[in-house]
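Chemist: Output the structure for:
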Amino acid sequence: MADTADTRTPAEIEADIRRRRAVLAETLDEIGVRVHPKTLVGDAKAKVASNVDHTLGRAYVQVNRVVSEVRAQFTDEAGAPRLERIVPVALVAVGVVGLLAVSGRRRRG
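Modeler: Got it, this is the predicted structure:
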């Protein structure tokens, strides 16, 4: 069995105690800052802002992709409009707006 007696001097033991107290005080200060209500609110706000930024970024990418796909359907490789696709869609849109206008008048009248 090994000798477990402490061979340090009382001054060394006291210095070690002072160092450990300083480290413990620093740790307690860090914990106090972390659990302070202002810190918790700030961390929560930062997390929400990050999530919103991430969600908006993903939404922007998705919308941009859809717009690019739609644009590709109505323009050729050079960027010129494809009238053979635009005219039918425009006629359908005008027809739908006309039907909505007529049905709106019927409801009021």
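Chemist: hey, let's count contacts and neighbours off CA atoms from now on
Modeler: OK.
Chemist: any idea where the helices of this structure begin and end?
Modeler: Shown for the chain, the helices assigned by DSSP state H span residues 10-34, 37-74, 83-108.
Chemist: Just put the ones you listed in CSV and tack on mean pLDDT and mean neighbour count.
Modeler: Below are the helices of the chain laid out as CSV (pLDDT from 0 to 100; neighbours: other CA atoms under 10 Å):
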stretch, mean pLDDT, mean neighbour count
helix 10-34, 95, 12
helix 37-74, 94, 12
helix 83-108, 90, 11
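Chemist: contacting residues around L40?
Modeler: Residues near L40 by CA atoms under 8 Å, 6 or more residues apart in numbering: R34.
Chemist: how close does it get to K47?
Modeler: 11 Å (CA to CA, to the nearest Å).
Chemist: Check Q73 too.
Modeler: 39 Å.
Chemist: ok, now D76?
Modeler: On the measure of CA to CA, D76 and K47 end up 43 Å apart.
Chemist: now D53
Modeler: According to CA to CA, D53 and K47 sit 10 Å apart.
Chemist: what distance separates stretch 47-56 from the centre of its chain?
Modeler: Its chain's average C-alpha position is 2 Å from that of stretch 47-56, according to CA atoms, centre = their mean, to the nearest Å.
Chemist: could we number from 52 for the rest of this?
Modeler: Sounds good: first residue 52 from here, last item stretch 98-107.
Chemist: Can you name the residues in contact with it?
Modeler: With CA under 8 Å, 6+ apart, stretch 98-107 has no contacts at all.
Chemist: switch the cut-off to 10 Å
Modeler: Identification of contacts with stretch 98-107 by CA atoms under 10 Å, 6 or more residues apart in numbering yields 92-97, 108-113.
Chemist: got a list of what R136 touches?
Modeler: Contacts of R136 (CA under 10 Å, 6+ apart): 124-126.
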